[in-house]
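A.B. asks: output the structure for:
(chains A and B, ligands or ions: 8)
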Number of protein chains: 2
Amino acid sequence: STVDYKASHLTATLPGLVNIAAFVPGLAKAGSRDFEKVMKASAAAGFSMVRIMPLGLENSLTDARALSTAHSNARRAAYCDFNFSVAATSTNARQLTNLTSEVGSLFIPFNHFSGNVNKVAAVTTHFEVWPTNKPIVTDAKTSDLASILLLASLHGRNVHITSVTTKDDIRLIALSKQKGLQVTCDVAIYALFLSQNEYPQCTALPTKEDQAALWEHMDIIDCFSVGSLPYQVSLDVKGTGSPVLGIADALPLLFTAVADKRLTLEDITKRLRDNPVDIFDLHEQPHCALEANLDRTVRVEEQDCWSPLTGKVLKGYVERVVFENETSCLDGVLIADGHVGKDMSSSGPRPVATVKSPPIKPLQ
Amino acid sequence: STVDYKASHLTATLPGLVNIAAFVPGLAKAGSRDFEKVMKASAAAGFSMVRIMPLGLENSLTDARALSTAHSNARRAAYCDFNFSVAATSTNARQLTNLTSEVGSLFIPFNHFSGNVNKVAAVTTHFEVWPTNKPIVTDAKTSDLASILLLASLHGRNVHITSVTTKDDIRLIALSKQKGLQVTCDVAIYALFLSQNEYPQCTALPTKEDQAALWEHMDIIDCFSVGSLPYQVSLDVKGTGSPVLGIADALPLLFTAVADKRLTLEDITKRLRDNPVDIFDLHEQPHCALEANLDRTVRVEEQDCWSPLTGKVLKGYVERVVFENETSCLDGVLIADGHVGKDMSSSGPRPVATVKSPPIKPLQ
Ligand SMILES: [Zn+2]
Ligand SMILES: [Zn+2]
Ligand SMILES: [Zn+2]
Ligand SMILES: [Zn+2]
Ligand SMILES: [Zn+2]
Ligand SMILES: [Zn+2]
Ligand SMILES: [Zn+2]
Ligand SMILES: [Zn+2]
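C.D. replies: Ligands and ions are numbered 1, 2, ... in the order given. Model prediction:
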C-alpha cells in the first residue's frame, strides 16, 4: 500500500480485498436475493473477492442440489469475484467428493444456525476423503476446537479456524502454531470492536477480557473476517438479522484502529488480502484496488436496518473501488453491474504452493 | 506365568495382579466401609496392588481434606498394597501441587458420578502444573478424548485413557498411537463380556458392534480394569450399585476367554501386571502370586447383591493367592488381615523409566 501525502488529506491505495467468510442467510433458498445484497455491499466496501460461507440461516450447501440453488441465486449478481464452498454433515463426506472440483473449500460447522457436525468419527471421515489440496475451514470452539486440531494433525492436514472469539481459543491456537501444527485462523472484525460489555444479550461477542486477548494475539491472527457475527448481533439485539450489516463498516472500523495506532495498513492488507490468498488458494487480482481517505471522518447514520455503530464516528473512508481496471464504486455508490465478476468456485489450486509448514514438528 | 500339567487339572501361576482402577463409592465419606469391602474383594480375587480411583459416588479426592478422610477409611484395611490418586476440578490445579508427592496419579474426570472438568483452559492448567513424572489418567470420550489427546501432545505429556468403550474411541487411540502420541488405555473387563444387547438400559456398556471393535483392537489395549462400570451396571439394572461387583468375576471371565482361545495367559498378565507397573510407575511385588485352576468350572451363584453373571458358567478359578510369601486367600476365603498391605500413595517414581516414546513424531 502506498500513502499519498500530496493531497490535503491522507490517501491510501490498497489492493482489492477478500471477504473470506460472507454470511448469506438465504443462500440455498430458491429466489432469495440475499446473495445479491451481500455481493453489492461487499463490492461497494472494497472487496474484490468474496468467499461465501456455505451455511445459511435455515439451509446449508451440503449437496449438489443446494449448490445448484445457490448458483441460481448468484446469477447476474457477480458484482465482484466470488466462490462457493460446501458444508460437512455427519453423513455427507463421500457424497461431497463429487463436488470438490466445484467449490473453494469444505466447512465443518460446530456452532452455526443450520446444521452441525459433532462426532469425532464423522469429522475423521471428512479429513480422510476431502482432497488434500483444498482448504478445510471450521468454526469449532473449546473442546471441539481441540478435537479438530488433533484430527487435523493426525491426518497431516491444514485447518483454518474461523471467527475465534475467546481468550482460551486464541491461546490454544497460539500454542498449536508454536508446536508446529498447520493451523490458521481469523477473527471477525466486529469481535475486535464490540463486546458483551455493550451487548450482554449477545453471547457470540467476546467479553472485554476475551477481546483484549484477541488484540494481544494479533500476531497469530492470520485473517480478518465479517462472518455471521454481525447477523447474530442484529438478531440478538433487534430480533431481525441483517445480511449486509458489518460489511460497509469493515474497513472504516479497521482504518479507525489505524488512526488510533492500534493497527497498520500492512496489518490490514496482510489479513484481508495476502494471507487469504495463500490460505484459501485464491487467484491474484492485480487489476483491483481501493482508494481510502484516511482523514475523512464519518458519523454512522441511522439506516434502514439497525447498526450497533449508529451515531459513532469512524475515521477513514473508501472513496473509490477499482475492479478489473474500472471504477466499480465511487463514494459509496456502486457503479459496477452484476456481471463484472466471475464465479471462481471451480478455480483449481494455484500451481505453486506458497506457504507450507511441516505437518507436526517434534517438540523442543 | 507357568502352566503346570502334572496335576490332573491345568494350573497356572500368575504374578500378583494390579487392580488399576478400583471404584470406591464412599471413598471420601467419613466412616464409609466401602474401601475395606473393595480391598477385601480385590485381595481375594488375586490383586496384590489396588489403585483407588479418586472419584466416589458423591465425593471425589479433590483436596487434602478429602484425601485425609480417604486415609482414615483405609485404616486397618490394607488387605494388599494400594495407593490413592487425586481428581482434577476446573479450579484446583494449583492446590493439587501440594499433594503430588502423596498420590499415585492425577485423574481428569469427564464422565463420572461426582465432578467433571470440561474446559480446555482448566485441563491445560492441569497439564502445565502437574509434575511430568506422575501419570495423568482420564475417562474422556469422543470430542473430550480428542481434546485431551491434543493437549497431552502439545504439552509433551503421557496420558492414560481409562474405560474405553466405543469403536470410535478405540480407533482414535489406535490412530494416535500409530502417529507417535504418548497415549495408553484400558478397557473395563465387563465391557469385553457384557453389552447393551443384554442390558439396553445400561448405556455405559458398549454396543455389540463397539464390543467387537474392542476385541479387534486387543493389541492396542494396554490394561484391563474393573473400574466403575460394574457399579453403573448394577445401578442401571437394579437401582442400587454394588461396590464389589465385578472384582471376583474379573479373572474367571478372562480365564474363560483363555479357554475359548480368545486370549492367552500372557495377554492377561501383560494387561493386569506388566503394563500397569510401567504406565503407573508401580513398585515390583516379587513375593506376590496367584494360582488358578484353569479347568475348574464354576456356576455363578445367586449372591447378596445382584450380578449380571448369576447362573452363568465360568471356566477358571483362583484357588490360592500369595501376598508377600504368605497365603492370603485360599479357595475364595480371605486369610490375610488388613495390615499385610502397604499404602504406596507416597511411593516415588521408580529410578529407571522403562517405557518412553518420543513426544510427537513427524508424520510419515
Ligand atoms: Zn457458479
Ligand atoms: Zn485417518
Ligand atoms: Zn485483471
Ligand atoms: Zn454489464
Ligand atoms: Zn495413607
Ligand atoms: Zn502449556
Ligand atoms: Zn516381598
Ligand atoms: Zn495382622
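
A.B. asks: most proximal residue of chain A with respect to ligand 8?
C.D. replies: residue A:143 (48.9 Å; Cβ to the ion). (C-beta placed from N, C-alpha, C; glycine too.)

A.B. asks: now do the SS call for that residue.
C.D. replies: helix (DSSP: H, G, I helix; E, B strand; the rest coil).

A.B. asks: okay, and the nearest residue in space to it that is not next to it in sequence sits in which element?
C.D. replies: Of all residues not flanking residue A:143 in the chain, residue B:147 sits nearest, at 4.4 Å (Cβ to Cβ, 6 or more residues apart in numbering or on different chains). Here residue B:147, judged by DSSP states H and E, is contained in helix B:142-154.

A.B. asks: for the stretch 51-200 of chain A, just list every one of the strands.
C.D. replies: For the stretch 51-200 of chain A, the strands defined by DSSP state E, counting those that start in this stretch cover A:81-83, A:86-87, A:106-108, A:136-138, A:159-161, A:183-188.

A.B. asks: mind putting those in CSV, distance to residue B:81 and mean neighbour count included?
C.D. replies: Below are the strands of the stretch 51-200 of chain A laid out as CSV (distance: least, Cβ to Cβ, whole Å; neighbours: other Cβ atoms under 10 Å in any protein chain shown):
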stretch, distance to residue B:81, mean neighbour count
strand A:81-83, 64, 25
strand A:86-87, 55, 28
strand A:106-108, 48, 26
strand A:136-138, 47, 25
strand A:159-161, 46, 24
strand A:183-188, 45, 26
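
A.B. asks: and these: which comes nearest residue A:274?
C.D. replies: strand A:183-188 (12.2 Å; Cβ to Cβ).

A.B. asks: thinking again about what came up before, as CSV, the strands of the stretch 51-200 of chain A with distance to ligand 8 and mean pLDDT would be great.
C.D. replies: As requested, these are exported to CSV (distance: least, Cβ to the ion, whole Å; pLDDT from 0 to 100):
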stretch, distance to ligand 8, mean pLDDT
strand A:81-83, 78, 98
strand A:86-87, 68, 97
strand A:106-108, 61, 97
strand A:136-138, 61, 97
strand A:159-161, 60, 98
strand A:183-188, 59, 98
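
A.B. asks: select, out of those, the one closest to ligand 4.
C.D. replies: Distance to ligand 4, taken as Cβ to the ion, is lowest for strand A:81-83 among the strands of the stretch 51-200 of chain A, at 14.9 Å.

A.B. asks: hang on, the earlier thing: list the residues that contact the residue of chain A closest to ligand 8.
C.D. replies: B:118, B:120, B:143-144, B:146-147 (Cβ atoms under 8 Å, 6 or more residues apart in numbering or on different chains).

A.B. asks: residue numbers of chain A in contact with ligand 1?
C.D. replies: A:71, A:343 (Cβ under 5 Å from the ion).

A.B. asks: where in chain A is pLDDT low?
C.D. replies: In the prediction, chain A carries residues with pLDDT under 70 at positions A:1-7, A:349-364.

A.B. asks: all helices of it, in order?
C.D. replies: Assigned by DSSP state H, chain A shows helices spanning A:34-45, A:64-74, A:93-96, A:120-129, A:142-154, A:167-178, A:189-193, A:208-216, A:229-238, A:250-259, A:265-269, A:275-279.

A.B. asks: before we move on, the earlier item: from residue A:38, how far off is the residue nearest to residue A:143?
C.D. replies: According to Cβ to Cβ, to the nearest Å, residue B:147 stands 34 Å off from residue A:38.

A.B. asks: and what of residue A:273?
C.D. replies: Counting by Cβ to Cβ, the gap from residue A:273 to residue A:38 is 19 Å.

A.B. asks: ok, residue A:190 next?
C.D. replies: Taken as Cβ to Cβ, the span from residue A:190 to residue A:38 is 16 Å.

A.B. asks: try residue A:101
C.D. replies: Per Cβ to Cβ, residue A:101 is found 24 Å from residue A:38.

A.B. asks: surely residue A:86 touches residue A:107?
C.D. replies: Yes. Using Cβ atoms under 8 Å, residue A:86 is in contact with residue A:107, at 7.0 Å.

A.B. asks: what touches both of the two?
C.D. replies: Joint contacts of residue A:86 and residue A:107 (Cβ under 8 Å, 6+ apart) are residue A:54.

A.B. asks: just to revisit the earlier point, out of the helices of chain A, deepest packed?
C.D. replies: Burial of the helices of chain A is given as mean neighbour count (mean count of other Cβ atoms under 10 Å in any protein chain shown); helix A:142-154 ranks first at a mean of 26.

A.B. asks: quick check, the residue in the stretch 151-300 of chain A closest to ligand 1?
C.D. replies: Closest point on the stretch 151-300 of chain A to ligand 1, by Cβ to the ion, is residue A:283, at 14.9 Å.

A.B. asks: correct me if wrong: that residue contacts residue A:344.
C.D. replies: Yes. When contacts are counted by Cβ under 8 Å, residue A:283 is listed as touching residue A:344 (6.1 Å).

A.B. asks: more neighbours: these two, which one.
C.D. replies: Legend: neighbour count by other Cβ atoms under 10 Å in any protein chain shown for residue A:283 and residue A:344, higher for residue A:344 (18 against 14).

A.B. asks: test my guess that the more buried one contacts residue A:49.
C.D. replies: Yes. If you go by Cβ under 8 Å, residue A:344 and residue A:49 touch, sitting 7.3 Å apart.

A.B. asks: shared neighbours, these two?
C.D. replies: Listed as contacting both residue A:344 and residue A:49 by Cβ under 8 Å, 6+ apart are A:81-83, A:282-283.

A.B. asks: how about CSV for those residues, with distance to residue B:314 added?
C.D. replies: Formatted as CSV, those follow (distance: Cβ to Cβ, whole Å):
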residue, distance to residue B:314
A:81, 70
A:82, 67
A:83, 63
A:282, 65
A:283, 69
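
A.B. asks: now do whichever residue of the stretch 251-364 of chain A sits closest to ligand 3: how many residues are near it, please.
C.D. replies: Closest contact between the stretch 251-364 of chain A and ligand 3, by Cβ to the ion, is at residue A:287 (3.4 Å). Residues lying near residue A:287 (other Cβ under 10 Å) number 13.
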